[in-house]
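Engineer: based on what follows, work out the 3D shape:
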Amino acid sequence: MRYFKKIEGKRIYLSPINIEDAEKYTEWLNDLEITINLSMPHNTYTLDQEKEALKSLSQEGYNFAIVNKEDNKLLGNCGLMNVDLINRIGEVGIFIGNKEFWNKGYGTEAMKLLLDYAFNLLNLNNVELKAYAFNKRAIKCYQKCGFKEIGIRRQAHIIAGKKYDEIYMDVLASEFEGKIPNLVEQKVDQTRE
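Structural biologist: Here you go, the predicted model:
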């Protein structure tokens with residue numbers, strides 16, 4: 001697959017979504033272990049449906065493939081939704097579909113890169129998300145990125161007859177420090193020399 005480095009971290013980079021990855025995403029989105037933490041474990045996805053979904057996501061402009069720098073392997077995706085550039089707000093979503101990369105900090109790194117993009121390129125002020133209370137791994141990741149709990153929607157998610165809360169979290173631009181401002185300063189310093 002062909003990827004392009006939009007925002008680069010230590011171990012990963014964010015690239016525009018590649019529609020040719022549809023088969024891999026279809027595999028992941030039909031794996032209950034992966035989708036149980038997302039809002040669609042009950043859905044089934046065909047290859048044609050996923051091609052259309054990726055085509056749509058790639059045209060929206062704020063969605064990225066998460067790619068391993070070492071071998072250009074696709075790990076998952078992340079993106080911004082419901083972006084309001086007047087009020088400077090948006091919502092984030094992320095998933096790591098490649099289980100080899102679970103519990104190793106790749107999701108945290110990807111989220112920080114996405115927040116850097118949101119706050120320092122789109123100039124958003126507030127970014128929110130929601131997670132299911134049982135998804136402790138995701139909540140821990142979000143807290144590492146600066147998200148704070150702002151509310152709970154009680155018993156909003158039912159799986160196998162059990163009811164789970166949705167946790168709402170957000171982070172402000174003033175609470176986040178990214179690498180993009182440093183890149184700009186380096187460019188300014190170079191022009192002064």
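Engineer: C-alpha only now, for contacts and for neighbours.
Structural biologist: Noted.
Engineer: which residue sits closest to Cys141 in space, ignoring its chain neighbours?
Structural biologist: Spatial nearest neighbour of Cys141, chain neighbours left out: Thr108 (5.3 Å); criterion: Cα to Cα, 6 or more residues apart in numbering.
Engineer: Gly76 is in contact with Trp102, correct?
Structural biologist: No: with contacts counted by Cα atoms under 8 Å, Trp102 stays clear of Gly76, the gap being 10.7 Å.
Engineer: of these two, who's got more company?
Structural biologist: Using other Cα atoms under 10 Å as the criterion, Trp102 and Gly76 rank with Gly76 on top: 25 against 14.
Engineer: in which helix or strand does the more buried one reside?
Structural biologist: Applying DSSP states H and E as the criterion places Gly76 in strand 74-84.
Engineer: buried ones in that strand?
Structural biologist: Residues 74-81, 83 are the ones in strand 74-84 that count as buried (16 or more other Cα atoms under 10 Å).
Engineer: save these as TSV, and put in distance to Phe119 and pLDDT too.
Structural biologist: Shown next, in TSV, are those (distance: Cα to Cα, whole Å; pLDDT from 0 to 100):
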residue	distance to Phe119	pLDDT
Leu74	25	97
Leu75	23	98
Gly76	22	97
Asn77	19	96
Cys78	15	97
Gly79	13	97
Leu80	11	97
Met81	14	95
Val83	12	96
